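> The sequence and its predicted three-dimensional model are supplied below.
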Amino acid sequence: MFHRPSQHKDFGVFLPVANGGWIISKTAPVLDGLYAQNRAAAVKADEVGMDFVMSMGKFRGFGGETDHWGTALESVTMMAGIAEATKTVKIWATIHPLLQNPAVAAKMIATLDHISGGRAGLNIVAGAYKGEFDQMGAWDDSLTHDDRYALTEEWTTIVKRLWAEDSVDFQGKYFTMKDCQSKPKPLSKPRPDLVCAGMSDRGFQFSVREADICFIGGRTPDERRDASLRAKKTAEAMGKSIKTFAMCTVVHGDTDADAEAKVEHYKSGADMGAILAMLESWGVPAEKLSSVAAAQGAFMTHTVVGSPKTCGEQIETFLRYCELDGLMMIFPDYVEGLTMFGSEILPGLRAVFQ
């Protein structure tokens, strides 16, 4: 099933903090975005030995028949509950610098780090969808894409300093700190993990300079490999290194045919209204929306399909081809999927990637 030894990889879970998860379909298992399902997924991830669980920050959904992502818990608050419910898995929450003062964010994550006993991490999201922030008057049209990253760099610098220094004075273009204090300091050493996602060159520059892990995207394995290598090349040019992670949906069945039948069933229920709205928010031109939506279908990420043996082989191939350092897993049914993954796939991946 697994072939050659390689370096260590991390395996985590993207919690279903918003309803529908990452399969936009009327016929996929129901994910309600509420605490009981998220807690059950996180506890199972902890039990089977996953490395991290992460939740995104989402403030507006995409409508459609399923009201996809219309129901979502707040990330940091939910992860505080998850921290109490778990023992060893890392707890990564999401904050948008456009919405939170850095001194408030530094204290929120330090608090999460104390609740979790030093397991907290911070996913920093520099950008956003205009409609999501416009609804609360938090979108600044004067900020360009690069301006938002410049703001986020100032924000991140302040957060790091508040975690390490007794008093912070800072005068930047976007933030001012005057004898700003933040105690207690995080328990994590040297500090909580910092992660972010990005595909632009500016995004990679920010990730490499400020974060520990960069989540990469792409529509095809070739695009994901290109993104992973570009991020690592950017790091090399800075004399540093960066870990690259990607998302991966796992649809398993007793046999390959069983799993493929599930995929076709989920595709048949694709919520095209929500898919079109999501693609529009991502900036897909109006004249291309229909064709891009048809090509994408219900699945939002790289997907492996088959028996546990087949899924394990596909995951190993994906990690190697894209030169990734970790994967964040998604399942149609999280408890069922994680139970299978923990017993039938993860041990083999641990054996080969160490």
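In hand now; what should we look at?
> you'd agree Phe215 is up against Met199?
No. Here Phe215 does not reach Met199: they are 9.5 Å apart, not a contact under Cβ atoms under 8 Å. C-betas here are computed from N, CA, C, even on glycine.
> ok, those two, which is more surrounded?
The neighbour comparison of Phe215 against Met199 (other Cβ atoms under 10 Å) goes to Phe215, with 23 against 18.
> OK, contacts around that one?
Under the criterion of Cβ atoms under 8 Å, 6 or more residues apart in numbering, the neighbours of Phe215 are 195-198, 244-247, 328.
> would you put the C-alpha positions of stretch 265-277 in CSV?
Extracted in CSV, the C-alpha atoms of stretch 265-277 (Å, rounded to 0.1, in the frame of the first residue of the first chain):
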residue,chain,number,x,y,z
HIS,A,265,-24.8,10.7,-5.6
TYR,A,266,-23.3,13.9,-4.0
LYS,A,267,-22.7,15.4,-7.5
SER,A,268,-26.3,14.8,-8.5
GLY,A,269,-27.4,17.0,-5.7
ALA,A,270,-25.0,19.9,-6.4
ASP,A,271,-26.5,23.2,-5.1
MET,A,272,-25.8,25.3,-8.2
GLY,A,273,-27.2,28.5,-6.7
ALA,A,274,-24.7,28.3,-3.8
ILE,A,275,-21.9,27.3,-6.1
LEU,A,276,-22.5,30.2,-8.4
ALA,A,277,-22.6,32.7,-5.5
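> neighbouring contacts of it?
With contact meaning Cβ under 8 Å, 6+ apart, stretch 265-277 is reached by 20, 23-28, 61-69, 251, 289-290, 293, 296-299, 332.
> Please check these and keep the buried ones.
Of all the contacts of stretch 265-277 considered here, the ones buried according to neighbour count by 16 or more other Cβ atoms under 10 Å are 20, 23-26, 28, 61-64, 66-69, 251, 293, 296-299, 332.
> Now intersect these with the strands, please.
By the criterion of DSSP state E, membership of the buried ones among the contacts of stretch 265-277 in strands covers Val251.
> so what's the nearest residue to Asp32 once chain neighbours are set aside up against?
Spatial nearest neighbour of Asp32, chain neighbours left out: Asn19 (5.4 Å); criterion: Cβ to Cβ, 6 or more residues apart in numbering. Neighbouring residues of Asn19 by Cβ under 8 Å, 6+ apart: 31-33, 61, 66-72.
> swap in Cys322?
Contacts for Cys322 were tallied using Cβ under 8 Å, 6+ apart; they are 216, 221, 224-225, 228, 244, 246.
> 6 Å instead?
224-225, 228 (Cβ atoms under 6 Å, 6 or more residues apart in numbering).
> That one and Ala259: what is the separation?
To Ala259, Cys322 is 22 Å away according to Cβ to Cβ, to the nearest Å.
> swap in Lys233?
The spacing between Lys233 and Ala259, counted by Cβ to Cβ, is 36 Å.
> With Trp139 instead?
Separation of Trp139 from Ala259 (Cβ to Cβ): 41 Å.
> The two: which is more packed in?
Ala259 (20 against 15).
> count of neighbours near Leu143?
15.
> And the helices in the stretch 51-200 of the chain?
75-85, 102-116, 130-134, 145-164 (DSSP state H, counting those that start in this stretch).
> That should have said the stretch 201-350 of the chain, apologies.
With helices called from DSSP H, counting those that start in this stretch, the stretch 201-350 of the chain shows them at 201-210, 221-237, 256-268, 272-281, 289-296, 308-322, 334-340, 346-352.
> In this structure Asp212 contacts Leu194, no?
Yes. If you go by Cβ atoms under 6 Å, Asp212 and Leu194 touch, sitting 5.3 Å apart.
> Among the two, which residue is more densely surrounded?
Leu194 (19 against 15).
> List the residues that contact that one.
122, 211-212.
> Which of these fall within strands?
Going by DSSP E, the strands hold Leu122 from the contacts of Leu194.
> Export the contacts of Leu194 to TSV and append columns for distance to Asn38.
Formatted as TSV, those follow (distance: Cβ to Cβ, whole Å):
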residue	distance to Asn38
Leu122	18
Ala211	24
Asp212	24
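> got a markdown table for the contacts of Leu194, with pLDDT and distance to Leu346 too?
As requested, these are exported to a markdown table (pLDDT from 0 to 100; distance: Cβ to Cβ, whole Å):
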| residue | pLDDT | distance to Leu346 |
| --- | --- | --- |
| Leu122 | 98 | 25 |
| Ala211 | 93 | 25 |
| Asp212 | 94 | 22 |
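> Out of the contacts of Leu194, flag the one nearest to Ala351.
Asp212 (25.1 Å; Cβ to Cβ).
> how close does the closest one sit to Leu229?
18 Å.
> got it, and Glu336?
34 Å.
> Same question for Gly217.
Gly217 is 14 Å from Leu229, where distance means Cβ to Cβ.
> and what of Cys214?
Going from Cys214 to Leu229 by Cβ to Cβ gives 12 Å.
> Among these two, which residue is more densely surrounded?
Applying other Cβ under 10 Å to Cys214 and Leu229 shows that Cys214 carries more neighbours, namely 28 against 14.
> Now do the same contact list for the closest residue to the more buried one other than its chain neighbours.
Excluding the flanking residues, the one nearest Cys214 by Cβ to Cβ, 6+ apart is Ser207, at 3.9 Å. Shown in contact with Ser207 (Cβ under 6 Å, 6+ apart): 196, 198, 214.
> So which of these sit within strands?
196, 214.
> Throw the contacts of Ser207 into TSV and include distance to Ala274 and pLDDT, thanks.
Below are the contacts of Ser207 laid out as TSV (distance: Cβ to Cβ, whole Å; pLDDT from 0 to 100):
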residue	distance to Ala274	pLDDT
Cys196	25	93
Gly198	24	76
Cys214	28	93
